[in-house]
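> coords below, sequence missing:
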């Protein structure tokens, strides 16, 4: 199996995502987590099963005590140079469930970066003290470059990409898939479902990552609904076409609601407006929002999702409907991230065996 120690960074970066996949493993299992395409269907089903097992074990004191010993010998650095609430707290909670000690940097003005230290040197420094680095950055590709750097040091440390520029957010996609797995477990699973993405799709990295993960499932149709200038990127559409996946582009949301098995709402990512020289005033939020009256058009077995933070794209009055699963979706992030971290350190089998012996 190829390793990042066997290839120069420049050569590695030229590879396709499919070609990079095996380079991100160590001892035959997931090591670095950088992009959605590195996960196959077997990975997704295995992680989902482990997340559910952890979720049930955490309901009891005995189960929680066992989980807290699972990775009590490991330390995690949460390096979030881009603002985050949910993703940061989700990873923090996941580490606590597994007994990991955590450190954090959330404001680079209080770190040596304020003195001019490069991001690369900061991450290399963290690897001296911690066994896992979870990093979120506005700089696209930084996590991938640092994964190569750390793999080629005397102390290789895994990196989890917790959001990279506008390109990918792989662990958000994992929790989204896990939410779909749970939502459709009594209706045939994800195969054959219609998934609808709505909003600012051009800059929504959660949408990009989930769309690619859905290629692991059979006969899924994806709708991308956005105003002109905010539609999904051509690279995602090209990936769908290469895979022979069904998709449709539209700017007409409300008339298509009855078609959806899952609707994934997103906010306007206007934090990127200044750097892109655009004004989000051209985004008609009313046409891309979901209100109480839209529940009448939504299938009874469909689900409504959102990666949060939410603005006006979903009326809070919708929250009471059982099809609104975005609060479960958020909590699912803690379980699937705990399952991912346990898998990276090879502790998933230990959790499975303990759970099986206590049934």
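That came in fine, so what should we check first? A quick note: this is a predicted structure, and the numbers were derived from the prediction, not measured. Numbering: from 1, shown residues only.

> what sits up against stretch 318-332?
With C-beta atoms under 8 Å, 6 or more residues apart in numbering as the contact definition, stretch 318-332 has outside contacts at 51, 86, 90, 175-176, 178-179, 182-183, 290-292, 294-295, 298, 300, 302-308, 310, 314. (Each C-beta comes from the backbone N, C-alpha and C, glycine too.)

> buried among those? Make that a PyMOL selection.
The PyMOL selection below is limited to those of the contacts of stretch 318-332 classed as buried (16 or more other C-beta atoms under 10 Å):
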select buried, resi 51+90+175+176+178+179+182+183+290+294+295+298+302+303+304+305+306+307+308+314
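
> can you pull out the helices in the chain?
For the chain, helices defined by DSSP state H occupy the ranges 9-13, 17-20, 41-57, 61-70, 86-97, 119-129, 142-151, 170-183, 205-213, 234-242, 273-276, 326-344, 348-357.

> average model confidence for the second one?
Here helix 17-20 scores 92 as its mean pLDDT.

> likewise the fifth one?
Along helix 86-97, the predicted local confidence has a mean pLDDT of 97.

> so that helix versus helix 326-344, what angle?
If you take axes from the mean of the first three to the mean of the last three C-alpha atoms, to 10 degrees, helix 86-97 sits at 50 degrees to helix 326-344.

> equivalent analysis for the last one, please.
Inter-element angle recorded for helix 348-357 and helix 326-344: 110 degrees (by the same axes, to 10 degrees).

> what does the third one give?
Using the same axes, to 10 degrees, the interaxial angle of helix 41-57 with respect to helix 326-344 works out to 110 degrees.

> from the contact counts, what lies against helix 41-57?
Counting contacts by 3 or more C-beta pairs under 8 Å, 6 or more residues apart in numbering; DSSP states H and E, the secondary-structure elements packed against helix 41-57 are helix 61-70, helix 170-183, helix 326-344, helix 348-357.

> buried residues of that helix, list them for me.
Residues of helix 41-57 classed as buried under the neighbour-count rule (16+ other C-beta under 10 Å) are 43, 44, 46, 47, 48, 50, 51, 52, 53, 54, 55, 57.

> and the second one, how far from residue 167?
So the one you mean is residue 44. In this structure, residue 44 and residue 167 are separated by 20 Å, where distance is defined by C-beta to C-beta, to the nearest Å.

> and what of the last one?
Taking C-beta to C-beta as the measure, residue 57 falls 34 Å from residue 167.

> ditto for the first one
Taking C-beta to C-beta as the measure, residue 43 and residue 167 are separated by 20 Å.

> cool, the fourth one as well?
In this structure, residue 47 lies at 22 Å from residue 167, with C-beta to C-beta as the measure.

> right, so of the helices and strands packed on helix 41-57, which gets closest to residue 77?
Distances from residue 77 to each of the helices and strands packed on helix 41-57 were compared using C-beta to C-beta; the shortest belongs to helix 326-344, at 12.7 Å.

> where does the prediction get shaky in the stretch 251-359 of the chain?
Scanning the stretch 251-359 of the chain with the threshold set as pLDDT under 70 gives 271-282, 359.

> OK, contacts around residue 147?
Counting by C-beta under 8 Å, 6+ apart, residue 147 has contacts 4, 24, 32, 34, 158, 159.

> residue 291 contacts residue 315, doesn't it?
Yes. With the criterion set as C-beta atoms under 8 Å, residue 291 and residue 315 qualify as a contacting pair; they are 4.5 Å apart.

> now residue 173: closest residue in space that isn't a chain neighbour?
By the measure of C-beta to C-beta, 6 or more residues apart in numbering, the closest residue to residue 173 outside its immediate chain neighbours is residue 209, 3.6 Å from it.

> and the residue nearest the centre of the chain, how far is that from residue 254?
Per C-alpha atoms, centre = their mean, the C-alpha nearest to the average position across the chain is that of residue 172, at 1.9 Å. Noted for residue 172: a distance of 26 Å to residue 254, by C-beta to C-beta.

> repeat for residue 87
Residue 87 is 30 Å from residue 254, by C-beta to C-beta.

> looking at the two, which one has more neighbours?
Set side by side, residue 87 and residue 254 show more neighbours around residue 87, with 23 against 16, by other C-beta atoms under 10 Å.
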